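>>> no sequence on this one, just coordinates:
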């Protein structure tokens, strides 16, 4: 199960990074723990600019931490356009 989740996260990350222009450069990611020269800096900046991820607070993104189910649900919800949720249908 853990391997499937890791594979899913890697697929999601690389799918999002494919949307970046090939010649994009990042001068500042906006996070103190993401160096502008990091291989994933463009993807982090893209996620921030498109309001998919806002970091963990305190100006940090925490790229080495574990993505929780709640974080993933929030990213997918935002990517879907933040649709209204009807709790009466979830019985």
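Arrived safely. Since the model is a prediction, treat every value here as computed from it, not as a measurement.

>>> Residue ranges in this protein under the pLDDT threshold?
Where the chain drops to pLDDT under 70, the residues are 1-2, 5, 9-10, 12, 14-26, 89-91.

>>> So which residues of it form helices?
For the chain, applying DSSP state H gives helices covering 2-17, 41-49, 69-79.

>>> and residue 86, which of these is closest to it?
With CB to CB, the closest approach to residue 86 among those belongs to helix 69-79: 13.5 Å. In this view, the C-beta of every residue, glycine as well, is placed from N, C-alpha and C.

>>> for that closest one, packing partners?
helix 2-17 (3 or more CB pairs under 8 Å, 6 or more residues apart in numbering; DSSP states H and E).

>>> that older thread, and residue 57, which of the helices of the chain is closest to it?
helix 69-79 (12.4 Å).

>>> what inclination does that closest one have with respect to helix 41-49?
70 degrees (axes from the mean of the first three to the mean of the last three CA atoms, to 10 degrees).

>>> right, so the helices of the chain: which one is the most enclosed?
Of all the helices of the chain, helix 41-49 has the most neighbours on average by mean count of other CB atoms under 10 Å, namely a mean of 19.

>>> re earlier: could you dump the helices of the chain to CSV with distance to residue 27?
Listed next are the helices of the chain as CSV, based on distance: least, CB to CB, whole Å:
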stretch, distance to residue 27
helix 2-17, 18
helix 41-49, 9
helix 69-79, 24
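
>>> Out of those, flag the one nearest residue 32.
Checking the helices of the chain against residue 32 by CB to CB gives helix 41-49 as the closest, at 12.1 Å.

>>> now the closest one, how far from the centre of its chain.
Relative to its chain's centre, helix 41-49 lies at 8 Å (CA atoms, centre = their mean, to the nearest Å).

>>> Name the residue closest to the centre of the chain, please.
Centroid-nearest residue in the chain, with CA atoms, centre = their mean: residue 53, separated by 4.6 Å.

>>> Sounds good, over and out.
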